[in-house]
Each structure stands twice: as C-alpha cells, then as structure tokens.
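**Q** With the input below, show me the fold.
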Amino acid sequence: MPATSAPATTATGTATGTATEKRPPAAERVYDHVKTAVLERRYEGGTLLTEGELAEAVGVSRTPVREALLKLEVEGLLRLYPKKGALVLPVSAQEIADVVETRLLVEEHAVRKAVPATPRLIERLAELLETQRTQAVAGQFAEAAATDRCFHAEIVRSGGNEILSRLYDQLRDRQLRMGVAVMQSHPDRVAHTLAEHGELLDALRAGDAEAAVAVVRRHVGWFQNLARGDVR
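**A** Predicted coordinates:
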C-alpha cells in the first residue's frame, strides 16, 4: 500500500492541507499568506499593503483581511493606517540587538546544559545541518533560514525546560526574518553559518561545553556586529 505523504507547511508552520480536508477560515488564509510573505521578504519592510490587493490575492472579502491584519499588527510585523493600508515594518538595528541579547542568554545556558549530548540530539542536529547545506546550495534562503532556526531550537529544547523553550519560540518570527535578510544581503555568510554549525556539532559530540559556548558566542554575536553597522 503506497505511503501517504504529510501535508506541506508554510513558513508560519501551518499545514497547507490536502484535497480531503476543509479549507482554513478566510482570515486564517489571509494571515498565512501575509505572514509567510513578510517572513520570506517577498513583502519587504516599507511595503504598503492594501485591503483590496490582499483580498484579491487570496480570493476573500475585505472583512477577513482586516481581521488578519489586526493580528499581524499585534505580532509587530505590520502597522495599520486607517483608509491607507498596512505598512510592513522593517527590521531595525534595535530589534536585531534585542534578539541577539536574548539569544545569547538562552543559547549559552542551553548549550552548556546539552553536554553531554544524547545520541538522539547529535543525530537530529546532523540531519538538520545536512538539510540546511542542501537548501543553501539550491539558493532556498527562506527554507535554509527556517532550518537554521530549528537547529538552535533543538539544542534549547534538549534541556527539558519548557518555559525557556517557549521564551525562545517567541523569537521565531524575528529570527526567520533576520535570517532570510542576512542570507540575501550577505551570501558569503551562508558558508560561515554552515561551518559554525559544524563546529558546534563537533563540540557537542566531543562533550566540550566551553568550546560549544565559544562557537555560540561567535555565531550569534556576528548579528550584533550587523546591528552596529560593522558588517557591510
């Protein structure tokens, strides 16, 4: 009997569904459309989106468009202007700095706690690294950014602290958007990212917590240089 493939997912993590499943509500479809486009930078920072254009693109009325845009404004991705539309907010230097500071606090603690790493964690990280390498070679930057984020999230989750994992998950959208932006504007950074992920995996395999922390500081800290304008 042939295997049934799993439904595809969008950048927001929502399943696209199959022919036998009901379509998601209209507002949810608009939400997924806009959020995925923003995270993948198909809607760049500074773009003004109108209700009419979005309603036509998704094939819905304007009412669910308004509902979706309000939700995205709460999440900090858009700013609504009555009778004008929704402005896609650019990634600011302050946002990058805040994300980097939070990531370092969480990830340095998590990587220390991950040592000694379990065989399951090592296997999963190796699998994600290979996937990201394949995506980078193919120029699939949005997918590679999502896999990059999963690589780090696996280490955080391995510590078993659900509160810390939820805190880290709150950074997800910002990490994805920043990751795509960096891969597009600094293509040479992709090779460095893959190399540093490899170094981190090697340190975990060796049970060397200090080496792993040093890689995390260098890897995540690079974004701090980007926020200060030291990276061109």
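
**Q** Now do the strands in this structure.
**A** 48-49, 78-81, 85-88 (DSSP state E).

**Q** So Thr102 versus Glu95, what's the distance?
**A** Separation of Thr102 from Glu95 (CB to CB, to the nearest Å) stands at 11 Å. The way it works is simple: take the backbone N, C-alpha and C, and place the C-beta from them, glycine included.

**Q** could you dump the helix or strand bottoming out on mean pLDDT in the chain to CSV, C-alpha only?
**A** Counting by mean pLDDT, DSSP states H and E, the weakest-scoring helix or strand in the chain turns out to be helix 172-185, with a mean of 77. The C-alpha coordinates for helix 172-185 follow below in CSV (Å, rounded to 0.1, in the frame of the first residue of the first chain):
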residue,chain,number,x,y,z
ARG,A,172,10.9,32.5,16.0
ASP,A,173,9.4,35.1,13.5
ARG,A,174,12.1,37.6,14.1
GLN,A,175,14.8,35.0,13.7
LEU,A,176,13.4,33.8,10.4
ARG,A,177,13.0,37.3,9.0
MET,A,178,16.5,38.3,10.0
GLY,A,179,17.9,35.0,8.7
VAL,A,180,16.5,35.5,5.3
ALA,A,181,17.6,39.1,5.2
VAL,A,182,21.2,38.1,6.1
MET,A,183,21.4,35.3,3.6
GLN,A,184,20.1,37.6,0.8
SER,A,185,22.3,40.6,1.6
